[in-house]
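A.B. asks: 3D model of this:
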Amino acid sequence: MAKIRVLIADDAPRTREEIKRLLAFEEDIVVVGEAGDGEEALRLVEELAPDVVLMDINMPGLDGIAATEAISERSPQTGVVIISIQGEQEYLRRAMAAGASDYLIKPFTAQEMVDAVRRVWEKNRRRQAMTAVRTGEGKGEVGRVVVFFGSKGGVGRTTLACNLAVLLARRGKRVSLVDFDLASGDVALFFNLDKGQGVAELALEPSLNPETIEGYLLNHVTGVRILRAGGFSEETLPRLGLGAEILTSLKVKTQYVLVDTPPFFCSLTEEALLAADEIVVVGRNDLPGLKQLKTDLNFLREKGYTGRIWTVLNQVGEEGVDRAGLEKALGAKLAAVLPAEWRACRQAVNKGNPLVLEAKGTRLAQALESFAGQLSGEETSRGFWRKVLRR
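C.D. replies: Okay, here's the model as predicted:
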């Protein structure tokens, strides 16, 4: 088995020697080089191509933050673990924003260091695998992954994912819809399907291949192929890489893979975001919702996910919104502003019939139709925005 190649960057020779001594006990890790400052670290990263750099945050000349940023830009295949001391939280935040994958606070144990190295190596391995998914490496033409993301519950991610899947299918696209919210996913409910088997049960399969995944998909009358969340339990906790394998397979046979994610961060969410061509960030039009929407946008920027970000403001009342003011506060353009249609949404879910079919004359259905046009590059002008936005 190939070993994890580590570069140590610290201006203290005794510290470098101690780290090297501790890592020498690990059979799967090898130290390939040492650097005494940021400039030397950059040079050695280019020469040695290590998997992981253990980077002290305070070094003379080019410090750990600047070196981390340069490594992230020039050698994205190399992960960086920042090492800092208590009281450097602001520097630590800046380092993570610069592209560090993990951090260690002095004093730390040998096991904590080893765990961080392995964690970053595994994360980068998955990131590289998902890059291959996004680019369709070796697969010819592949579909696009659209991920619906938001760390606050009740903002309407599932409503958007399900209805946009139907609208894209009605435009003649081959669409798959995946529910990665194993604990409380409701995609099946929106289509009047029983819970049944899905992603959770795929986690129990000894090995996955396209035929196995295909067997879990349901062909809905709308033309959407649906992979349910399944029955969540301790036995069906998703293993690392499960999301990547599912999306790799589905992209080959569909033009759009829409992914509904849970309102918390987990391995499935990360793998979906890494694979995403488009990330639809959904927020609600109230103070807590707007605050969390800004937090989510900042998170995506700091993590450097490469998918195009679409910011959607949901559940807007008759009073409309100050679009220019909100965009300034969020630091992002609003791709869509969706009106609140509580009664129509409730009736559609209770009937198990997507709102764009059950109540297609509503303002929300029209707004979703317009947004589907943007996602597919076939935007239509319906004059809707002039009615609901106060410019």
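A.B. asks: roughly how far apart are the spatially most central residue of the chain and residue 267?
C.D. replies: Centre of the chain computed as the mean C-alpha position; nearest residue by Cα atoms, centre = their mean is residue 273, 2.1 Å away. Distance of residue 273 to residue 267, computed by Cβ to Cβ, to the nearest Å: 11 Å. For the C-beta atoms, the positions are set from N, CA and C on the backbone; glycine is no exception.
A.B. asks: Equivalent analysis for residue 256, please.
C.D. replies: According to Cβ to Cβ, residue 256 and residue 267 sit 23 Å apart.
A.B. asks: go on, residue 150?
C.D. replies: Counting by Cβ to Cβ - residue 150 and residue 267 are separated by 18 Å.
A.B. asks: got it, and residue 85?
C.D. replies: 30 Å.
A.B. asks: Next: residue 172.
C.D. replies: 34 Å.
A.B. asks: got it, and residue 290?
C.D. replies: Applying Cβ to Cβ to residue 290 and residue 267 gives a distance of 28 Å.
A.B. asks: doesn't residue 289 make contact with residue 152?
C.D. replies: Yes. Assessed by Cβ atoms under 8 Å, residue 152 is found in contact with residue 289 at 6.2 Å.
A.B. asks: what's the overlap in contacts for those two?
C.D. replies: residue 283 (Cβ atoms under 8 Å, 6 or more residues apart in numbering).
A.B. asks: From the contact counts, what lies against the lengthiest strand in the chain?
C.D. replies: Assignment by DSSP state E gives strand 308-316 as the longest strand of the chain. Packing partners of strand 308-316 (3 or more Cβ pairs under 8 Å, 6 or more residues apart in numbering; DSSP states H and E): helix 157-170, strand 278-284, helix 287-303, strand 334-339, helix 363-376.
A.B. asks: mind checking which of these is nearest residue 74?
C.D. replies: Across the helices and strands packed on strand 308-316, residue 74 has its closest neighbour in helix 287-303 (18.4 Å, Cβ to Cβ).
A.B. asks: Tell me which other helices or strands that closest one touches.
C.D. replies: Looks like helix 287-303 contacts strand 278-284, strand 308-316, helix 323-330 (3+ Cβ pairs under 8 Å, 6+ apart).
A.B. asks: phi, psi of residue 54?
C.D. replies: The phi and psi values for residue 54, taken as degrees, to the nearest 10, are phi -90, psi 110.
A.B. asks: could you list every residue that touches it?
C.D. replies: Neighbours of residue 54 in contact, by Cβ under 8 Å, 6+ apart: 6, 7, 8, 9, 10, 19, 81, 83, 104, 113, 117.
A.B. asks: What about those, which are in helices?
C.D. replies: 19, 113, 117 (DSSP state H).
A.B. asks: Now rank those by neighbours and give me the top one.
C.D. replies: residue 117 (24 neighbours; other Cβ atoms under 10 Å).
A.B. asks: Name whatever forms a beta bridge with the nearest residue to it once chain neighbours are set aside.
C.D. replies: If the residues on either side of it in the chain are set aside, residue 117 comes closest to residue 52, at 5.2 Å by Cβ to Cβ, 6 or more residues apart in numbering. Note on residue 52: beta-bridge partners residue 6, residue 79, judged by DSSP bridges.
A.B. asks: quick one: which of the ones in helices among the contacts of residue 54 is nearest residue 297?
C.D. replies: Nearest to residue 297 out of the ones in helices among the contacts of residue 54 is residue 117 (Cβ to Cβ; 30.3 Å).
A.B. asks: could you pull out the helices for the stretch 51-200 of the chain?
C.D. replies: 64-74, 89-98, 110-135, 157-170, 187-190, 199-202 (DSSP state H, counting those that start in this stretch).
A.B. asks: Just name the most buried of those helices.
C.D. replies: helix 157-170 (a mean of 24; mean count of other Cβ atoms under 10 Å).
A.B. asks: per-residue confidence averaged over it?
C.D. replies: For helix 157-170, the mean pLDDT works out to 95.
A.B. asks: what does it rub up against?
C.D. replies: Against helix 157-170 from outside (Cβ under 8 Å, 6+ apart): 146, 148-150, 175, 177, 181, 185-187, 190-191, 222-224, 256, 258-261, 263, 280, 282, 312, 314, 338, 345, 354-357, 365, 368-369, 371-372, 375-376.
A.B. asks: That concludes my questions; thank you for your assistance.
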